[in-house]
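*Asks:* Sequence first, predicted model second:
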Amino acid sequence: MNHKKELAAILYGLLDQEIPAAQLEILIEKPKNPDHGDLAFPCFTLAKLKRKSPNVIAQELSEKIQSATFERVEVVGGYINIFLNKKLVSESLINQVIAEKGQFAGLDFGKGGTVTIDLSSPNIAKPFSMGHLRSTVIGNAIALIAEKCGFKPFKINHLGDWGTQFGKLITAYKLWGDAEKVKQNPIKELLALYIKFHEEVESDSTLEVEGRSWFKKLEDGNEEALLLWQWFRDESLKEFSRIYELMNVEFDSFAGEAFYNDKMDRIVNLLEEKKLLVESDHAMVVDLSEEQLPPCLIKKSDGATLYATRDLAAALYRQENYDFVQSLYVVGHEQSLHFKQLIAVLGKMGYEWAENMVHVPFGMMLKDGKKMSTRKGKVVLLEEVLNESIAMARHNIEEKNPNLKNKDQVAKQVGVGAVIFHDLKNNRMNDIEFSLEEMLRFEGETGPYVQYTFARACSILRKANYLAVVLPENESTTWEKEWKVASLLMEFAPAIKRACENHDPSLIAKYIIDLAQGFNKYYAEVKILEENESLEARLALVFSVTVVLKEGLRLLGIEAPEEM
């Protein structure tokens, strides 16, 4: 199925094995204009090696290229343009999809290696805001794509369940909290207390001292502080679980910051043993001037530990317990310096596996051009957005298809899918302006558009009572009209590979938009069910499109309803 690899192997032989086949494969392009063929090999890099002009080299090589897969070979200005045999390639591809179904385009370069993925990681005692959507859906899609490529993903929800903010929250609760109100509506009340603390601290700086004091008590195991903290954590997890269930996101571990409390002394001791700890302004740091980075703070002047200490402990724990081949941190780009320091410190400690740790940054979710802030109360709740999206999908169903079965289930699949797709279709480094209107659009480059295309294709198959069977060898179809869609289907595996290597699910989202658009154009031009001749081939193509659209959506964490 890999025609680039086949062409590279042929060229490797023709060039007397002077250039590695893998290097030749990298040079092979896919022409933007289909009139220039399906593959193109530029001969310019060979000019120096062969001491001939690219045109002459192209002409000489083209005359020797032979394969049943290639229909014809043309030379244009130093390029060898290859036109694939549409019939042979299409039928081989379609039969492969029919045989493999959801396993189609599966890759094995992961070789079963474990990839730990740090994702979502909301702070307890705070609402699950739109700000947490990005890490959750990007990380979840990365895990699904990694699994498709033969890795074993291990998803970790590194909860923000420790730190000075809990000292502040305990202070606020003790000053203004009402136990009954918190029991009735935990997150809303705790958020209100957190916001009130930050409003009051502007006129009363002693509150800041009090907050730090309560966090120190929490770290020292004070019973009252621990009971309040545990209560805040339990209530938060109940709320988070409801939202994760709505989005169909699961985790392998909820070990948050608090989990590493008893593992940090070991880190401090290791750093001391390796003579990496130095004192700076009464705090303990690791000097990273050689790495051209600011010093990494390990312990504050009051002895309290910091994020870096905890993340070092977490990295060591994960390597020892999961033996990862890669450890991904799906965390906003504003934390880039932190992860550079983290990886640098582990490198100085002599851990070679630190090179396999990757920060996967992403842009911010903005509201009116500004970052959403829980502290200032400027927050959009994810659950409210999801529920509104589901309600809008339900309304659309009532208007356009009131007799649809399982309306509530389909509304959930479409509504949640719209929110997830809106995020994932963007390159992860781009900031996204929050707009409910834009997110819930059901036309254009959206999740519902891809879902609707899938449902339309399923409807064609139902009307034809199609049974997925391998195409007969004497099939008369030329595949001229079907070629655009068939060639798009061939791009699925390369798109998955690129998405995995770049940790970028938007490459899958863009791919399935292109496939949906290509199929809809074909649907508009060809009367799929009206001509008996080549009907089996057309239906097999439609079936293949359903397989790939459904799997593409699944890799993004989105479901595909068969009727809408």
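*Replies:* On my side now, so go ahead.
*Asks:* show me what contacts residue 390?
*Replies:* 411, 412, 414, 415, 416 (Cβ atoms under 8 Å, 6 or more residues apart in numbering). (C-beta placed from N, C-alpha, C; glycine too.)
*Asks:* Next: residue 110.
*Replies:* 146, 149, 150, 151, 152, 325.
*Asks:* what stretches of the stretch 351-500 of the chain score poorly on pLDDT?
*Replies:* Residue ranges of the stretch 351-500 of the chain with pLDDT under 70: 372-378, 440, 442.
*Asks:* what's around residue 485, how many residues?
*Replies:* 23 (other Cβ atoms under 10 Å).
*Asks:* picking up where we left off before, which one of the contacts of residue 390 sits in the busiest neighbourhood?
*Replies:* Most surrounded of those: other Cβ under 10 Å gives residue 414, at 28 neighbours.
*Asks:* pretty sure that one contacts residue 454?
*Replies:* No: if you go by Cβ atoms under 8 Å, residue 414 and residue 454 don't touch, sitting 11.2 Å apart.
*Asks:* Overlap of the contact sets of the two?
*Replies:* With Cβ under 8 Å, 6+ apart, residue 414 and residue 454 have common neighbours residue 561.
*Asks:* sorry, back to before: just send the contacts of residue 390 back as TSV, with secondary structure too.
*Replies:* Shown next, in TSV, are the contacts of residue 390 (DSSP: H, G, I helix; E, B strand; the rest coil):
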residue	secondary structure
411	helix
412	helix
414	helix
415	helix
416	helix
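*Asks:* Could you work out the most separated pair of the residues you listed?
*Replies:* Greatest spacing in those, by Cβ to Cβ: 411 and 416 (9.3 Å).
*Asks:* quick check, residue 75 in a helix?
*Replies:* No: with three-state DSSP as the criterion, residue 75 is assigned strand and is not in a helix.
*Asks:* Spell out the residue ranges of the strands in the stretch 51-200 of the chain.
*Replies:* 70-76, 79-84, 114-118, 152-156 (DSSP state E, counting those that start in this stretch).
*Asks:* For the second one, which strands pair with it and how are they oriented?
*Replies:* Partner strands and pairing direction for strand 79-84 (DSSP bridges) are strand 39-42 (antiparallel), strand 70-76 (antiparallel).
*Asks:* Can I get the helix-or-strand element of the chain with minimal mean pLDDT as PDB, trimmed to CA atoms?
*Replies:* One helix or strand of the chain scores below all others by mean pLDDT, DSSP states H and E: helix 436-439, with a mean of 74. The C-alpha coordinates for helix 436-439 follow below in PDB (Å, rounded to 0.1, in the frame of the first residue of the first chain):
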ATOM      1  CA  LEU A 436     -20.200  29.500  21.600                       C
ATOM      2  CA  GLU A 437     -21.800  30.500  18.300                       C
ATOM      3  CA  GLU A 438     -18.700  29.500  16.400                       C
ATOM      4  CA  MET A 439     -18.300  26.300  18.400                       C
END
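*Asks:* Go through that helix and flag the buried ones.
*Replies:* residue 439 (16 or more other Cβ atoms under 10 Å).
*Asks:* SS state for residue 324?
*Replies:* Residue 324 ends up coil, using three-state DSSP.
*Asks:* Tell me how far it lies from residue 140.
*Replies:* 18 Å (Cβ to Cβ, to the nearest Å).
*Asks:* what's the neighbour count on the closest residue in space to residue 350 that isn't next to it in sequence?
*Replies:* Excluding its sequence neighbours, the residue lying closest to residue 350 (Cβ to Cβ, 6 or more residues apart in numbering) is residue 274, at 7.2 Å. Using other Cβ under 10 Å, residue 274 is surrounded by 12 other residues.
*Asks:* Could you do residue 521 as well?
*Replies:* 12.
*Asks:* So which of the contacts of residue 390 is the closest to residue 93?
*Replies:* Closest to residue 93, out of all of those and judged by Cβ to Cβ, is residue 414, at 29.7 Å.
*Asks:* ok, now how distant is that closest one from residue 558?
*Replies:* Taking Cβ to Cβ, one finds residue 414 at 9 Å from residue 558.
*Asks:* for residue 456, same thing?
*Replies:* 17 Å.
*Asks:* neighbour-wise, which of those two wins?
*Replies:* residue 558 (27 against 18).
*Asks:* SS state for the nearest residue to that one once chain neighbours are set aside?
*Replies:* Closest residue to residue 558 apart from its sequence neighbours, by Cβ to Cβ, 6+ apart: residue 417 at 4.1 Å. Following three-state DSSP, we place residue 417 in the helix state.
*Asks:* and residue 417, how many neighbours?
*Replies:* Residue 417: 26 neighbours (other Cβ under 10 Å).
*Asks:* Over to residue 131?
*Replies:* 23.
*Asks:* how close does it sit to residue 360?
*Replies:* Here residue 131 is placed at a distance of 17 Å from residue 360 (Cβ to Cβ).
*Asks:* Identify the residues contacting residue 347.
*Replies:* 354, 355.
*Asks:* Adding mean neighbour count and distance to residue 30, write the strands paired with strand 79-84 out as JSON lines.
*Replies:* Putting these into JSON lines (neighbours: other Cβ atoms under 10 Å; distance: least, Cβ to Cβ, whole Å) gives the following:
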{"stretch": "strand 39-42", "mean neighbour count": "21", "distance to residue 30": "7"}
{"stretch": "strand 70-76", "mean neighbour count": "16", "distance to residue 30": "15"}
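*Asks:* of all these, which lies closest to residue 497?
*Replies:* strand 39-42 (17.0 Å).
*Asks:* So what touches stretch 508-524?
*Replies:* Residues contacting stretch 508-524 (Cβ under 8 Å, 6+ apart): 141, 145, 421, 424-425, 445, 449-450, 453-454, 456-457, 481-482, 484-485, 488-489, 491-492, 495-496, 499, 542, 545, 548-549, 552-553, 555-556.
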